[in-house]
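Peer 1: when you get a sec, could you give me coordinates for this:
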Amino acid sequence: MTSASKDTPQQLIHIASGESPVQWLECRVDSFTNLTGEQRCLLLVHDVSQQHQSAFAYQQEQQRALDYDRFKFALLELILKAQDTEQILVWITREIEALHADTYCAIVLTHDLGQRVQTVIAPSLPPALLQTLRQLKLEAGNGSLATAIATRQRVIVDNVMTHPYWEHHRAAALDASVASGWAEPILNASGEVLGGIALYARQVKLPSAAEQSMLGQVARLVSIVVDRHLSQQSIQTLAYVETVTGLPNRKKMYEVLQAMRSQPSAGEYIGLIYIDLDYFKWINEAHGHSVGNAVLSQVAERLQKIAQPHFIACMGGDEFLILLSGLATQKDKAAQQVWALQRKLAKTLQRPFIVAGQKLPVTASMGLCTFSGLDMEDTDHVKAADIALHKAKQSGRNHACMYEPGMQTEIAAQARLEAELREAIAQQQLEAYYQVQVDHTGRPFGAEVLLRWQHPSRGLISPIEFIAVAESSGLIVEIGQWVLDQACAQISLWQRSQKTRELSLSVNISARQFRQANFTNMVKACLQRHQINPNALRLELTESLLLENVDDAVRIMTELSQLGIQFSLDDFGTGYSSLQYLKKLPLYQLKIDRSFVSDIVTDSHDRTIVRTIIAMAQSMYLGVIAEGVETPEQLELLFNNGCRRYQGYLFGKPMPITAFNAWLQEALV
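Peer 2: I've put the predicted structure just below:
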């Protein structure tokens, strides 16, 4: 055998068959002379399909990467050109399908942070699978896409016919010739779910690392498109929507009124109901703004349910306005229609609101007004309804009032009084007066602190004239804190004397003051500052205050009573629901209201009520005191029925502390 030729030919060829993939063969021919001198050829064939396919796949991946880069640049250009969002998403799905042969692409956008399907973008998807996506329940385990959205994670299913996620969707997959499904959630910058993107391949396969990376990047690009769309919507609607409730805002309300002015409805009356939630600030302070916002949302829902189809707006914070159109052509009948809706609104708001497992009672003050469509230019009717609202608040909250022309003058007077009251606080014109409380022997055991205003030009002003203004303006909180501090300072002085060390002082606590988030800390700080015996301090609370939120009242009272502070229930018997809650409250005594005492001698019904209150207090081991005692006959009846403590003009009028201390020195012998 001779050596082979040095010029050995070799060639790379590919062979295809109908039943197997293309094969690549490397062929080499060696020529040689055998021992007999004959020329021979040796053909060497080597299968290099795997190496060639790897190289080919690499080239495909490189080309796909270039194509994907071009896709990204084109998409960013579309975004910058502010193209229609849906058109961009359709373009994305078609481009992804062009990059991945035998693959369908679908984009699903969701409502309510991934709770419900909003839109399906899948122009090439067969009808059966498209309908499945439109009706898809977004739960983990319910297909690749729903699972990705529910779990906020990538989901890869290589065989939809065997994977448990596709148990309920196999018929649709079979109809669409889909064999595998990959999905990626679409999240915004805050991690909130906007939707999901899915690729459905017609072969059973797993995505390569590059394909998985591409899927994640496309999802992020789609989130930019969707976020931009949502931002544009927000910008357009923000000017007219109150964000917490989702209702039209003040600006929108005035635009609607302006439109009605430009096209007045002849003869028909229009109505306004201005609503302000009572003591809503207390909910925010006691439970936090998240709870407050939840209450506002629920209020909006209830108003919409009752007041539709009338226009409803949130005027800011806890204020709402309802615009009633199409009322009667007679003023009286129109007013009756407005009152009828007001009663329904009040009833629905009186049901407790449930937020985070807590029952929160809410009431509302309402201002009403009606006007003809022909006289819309004459008055700012929103202002008129607001004036009526202020009048309702002055009536004690949870009231409603219809606007009347004279109210504006009255409200202006109240505004002046509020301004003067602010000045009175700053100039220290308020003064604490003291009215003695005695036992059945006539001996003083304490006093009640009462407030007086020494006006520089009008003289001494009774709290009857200014307390309502102090309450509605919020000044009562500052005033109440000052009165409590004065009382604790006086107790401290009394406790330094053997003669007065056993005296107690009663202080009235307003509803607004009691609801302050820092009320208990404020009381504790006052005790600490003056170093007094807490047993000498008695806080008087009204029935209505306690019944608005019994659980909170019990919590606050229990915390303070554990320090030794005593609680008295003022104006007892004037409410409606006291008896069923009385046993829950850590009370020291009941105070019989002066309205029952004043006619106790002549009115048998008042005598019966007084006897009942005294008997009930005794059975519950509570003390009882009667206020407003002015005659010996009243005193005798109270004593004969078991009342042993009294307060009223019969024993002493309210006095400044100097006069009261002088009187005490003679009384305490």
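
Peer 1: switch to C-alpha atoms for all contacts and neighbour counts from now on
Peer 2: Fine.

Peer 1: who's in contact with the host helix or strand of residue 571?
Peer 2: Per DSSP states H and E: residue 571 is located in strand 566-572. Residues from elsewhere that reach strand 566-572, judged by CA atoms under 8 Å, 6 or more residues apart in numbering: 535, 537-543, 557, 561, 586-594.

Peer 1: just those residues: which are in strands?
Peer 2: Using DSSP state E, the members of the contacts of strand 566-572 that fall in strands are 537-542, 589-592.

Peer 1: kindly reformat those residues as CSV containing pLDDT and distance to residue 129.
Peer 2: Below are these laid out as CSV (pLDDT from 0 to 100; distance: CA to CA, whole Å):
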residue, pLDDT, distance to residue 129
537, 96, 75
538, 95, 74
539, 96, 70
540, 94, 70
541, 90, 67
542, 84, 66
589, 93, 74
590, 92, 73
591, 92, 74
592, 92, 76
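
Peer 1: could I get these as CSV with neighbour count and distance to residue 655?
Peer 2: Shown next, in CSV, are the ones in strands among the contacts of strand 566-572 (neighbours: other CA atoms under 10 Å; distance: CA to CA, whole Å):
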residue, neighbour count, distance to residue 655
537, 23, 19
538, 23, 19
539, 21, 20
540, 22, 19
541, 23, 22
542, 19, 24
589, 21, 24
590, 24, 24
591, 25, 21
592, 25, 22
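
Peer 1: just the strands from the stretch 351-500 of the chain, written as ranges.
Peer 2: Using DSSP state E, counting those that start in this stretch, the strands of the stretch 351-500 of the chain run over 353-355, 358-360, 364-372, 400-402, 430-439, 444-455, 459-461.

Peer 1: pick the most buried one from these.
Peer 2: strand 364-372 (a mean of 25; mean count of other CA atoms under 10 Å).

Peer 1: so where's the stretch 301-450 of the chain shaky on pLDDT?
Peer 2: 373-379 (pLDDT under 70).

Peer 1: verify the stated contact: residue 205 with residue 180.
Peer 2: Yes - look at residue 205 against residue 180 with CA atoms under 8 Å: they come within range, at 6.5 Å.

Peer 1: report the contact partners of residue 642.
Peer 2: Contacts of residue 642 (CA under 8 Å, 6+ apart): 614-615.

Peer 1: please report how far it lies from residue 601.
Peer 2: 16 Å (CA to CA, to the nearest Å).

Peer 1: hang on, the earlier thing: of all the strands of the stretch 351-500 of the chain, which one is nearest residue 482?
Peer 2: Nearest to residue 482 among those is strand 430-439 (9.4 Å), distances taken as CA to CA.

Peer 1: neighbouring strands - and their directions - for the closest one?
Peer 2: Here strand 430-439 has these sheet partners by DSSP bridges: strand 444-455 (antiparallel), strand 645-647 (antiparallel), strand 655-656 (antiparallel).

Peer 1: okay if I get those as TSV plus distance to residue 606?
Peer 2: TSV is the format used below for these (distance: least, CA to CA, whole Å):
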stretch	distance to residue 606
strand 444-455	24
strand 645-647	17
strand 655-656	29
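
Peer 1: closest one to residue 215 among those?
Peer 2: strand 444-455 (73.4 Å).

Peer 1: can you tell me what sits against the closest one?
Peer 2: 424, 429-439, 459-463, 483, 487, 502-508, 654, 664, 667-668.

Peer 1: again, 6 Å this time
Peer 2: 429-438, 460-462, 503-507 (CA atoms under 6 Å, 6 or more residues apart in numbering).

Peer 1: can I get it in CSV, CA atoms only?
Peer 2: Taking C-alpha atoms only, strand 444-455 is exported to CSV below (Å, rounded to 0.1, in the frame of the first residue of the first chain):
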residue,chain,number,x,y,z
PRO,A,444,-69.7,71.6,100.9
PHE,A,445,-67.9,68.6,99.5
GLY,A,446,-66.8,70.1,96.2
ALA,A,447,-67.7,72.4,93.3
GLU,A,448,-68.2,72.5,89.6
VAL,A,449,-66.0,74.6,87.4
LEU,A,450,-68.0,76.8,85.1
LEU,A,451,-66.8,79.1,82.3
ARG,A,452,-67.5,82.8,82.0
TRP,A,453,-66.4,85.4,79.4
GLN,A,454,-65.6,88.9,80.7
HIS,A,455,-66.0,90.9,77.5
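
Peer 1: tell me the gap between it and the middle of its chain.
Peer 2: Taking CA atoms, centre = their mean, to the nearest Å, the mean C-alpha location of strand 444-455 is offset from the chain mean by 41 Å.

Peer 1: so that strand versus strand 537-542, what angle?
Peer 2: 70 degrees (axes from the mean of the first three to the mean of the last three CA atoms, to 10 degrees).

Peer 1: can you mark which positions in the host helix or strand of residue 349 are buried?
Peer 2: Taking DSSP H and E as the definition, residue 349 sits inside helix 331-350. Of the residues in helix 331-350, those buried by neighbour count under the rule 16 or more other CA atoms under 10 Å are 331, 334-335, 337-339, 341-342, 345-346, 349.

Peer 1: between it and strand 364-372, how big is the angle?
Peer 2: Orientation of helix 331-350 against strand 364-372 (the same axes, to 10 degrees) gives an angle of 160 degrees.

Peer 1: what's the burial count for residue 290?
Peer 2: 11 (other CA atoms under 10 Å).

Peer 1: how close does the residue nearest the centre of the chain sit to residue 355?
Peer 2: The centre of the chain sits closest to residue 293, judged by CA atoms, centre = their mean, with a distance of 1.7 Å. According to CA to CA, residue 293 stands 10 Å off from residue 355.

Peer 1: before we move on, what about residue 30?
Peer 2: 90 Å.

Peer 1: same question for residue 98.
Peer 2: 51 Å.

Peer 1: with residue 462 instead?
Peer 2: Distance, residue 462 to residue 355, using CA to CA: 41 Å.

Peer 1: re the thing from before, any chance of the ones in strands among the contacts of strand 566-572 in TSV, with distance to residue 370 too?
Peer 2: Listed next are the ones in strands among the contacts of strand 566-572 as TSV, based on distance: CA to CA, whole Å:
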residue	distance to residue 370
537	50
538	48
539	44
540	41
541	38
542	36
589	48
590	45
591	43
592	42
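
Peer 1: which one of those is nearest residue 325?
Peer 2: residue 542 (40.8 Å).

Peer 1: so what's that closest one up against?
Peer 2: Residue 542 touches 569-570, counting by CA under 6 Å, 6+ apart.

Peer 1: what do you get if the cut-off is 8 Å, keeping everything else the same?
Peer 2: Taking CA under 8 Å, 6+ apart as the criterion, residue 542 is in contact with 569-572.

Peer 1: residue 355 bridge partners, please.
Peer 2: Applying DSSP bridges to residue 355, the residues it is bridged with are residue 358.

Peer 1: next one: it from residue 278, what distance?
Peer 2: As judged by CA to CA, residue 355 and residue 278 stand 17 Å apart.

Peer 1: likewise residue 586?
Peer 2: Residue 586 is 26 Å from residue 278, by CA to CA.

Peer 1: next: residue 298.
Peer 2: Distance from residue 298 to residue 278, by CA to CA: 15 Å.

Peer 1: so between the two, which is more surrounded?
Peer 2: Between residue 298 and residue 278, counted using other CA under 10 Å, the more crowded position is residue 278 (21 against 17).

Peer 1: can I assume that one is in contact with residue 396?
Peer 2: No - in this structure, residue 278 is not within contact of residue 396 by CA under 8 Å, at 9.8 Å.
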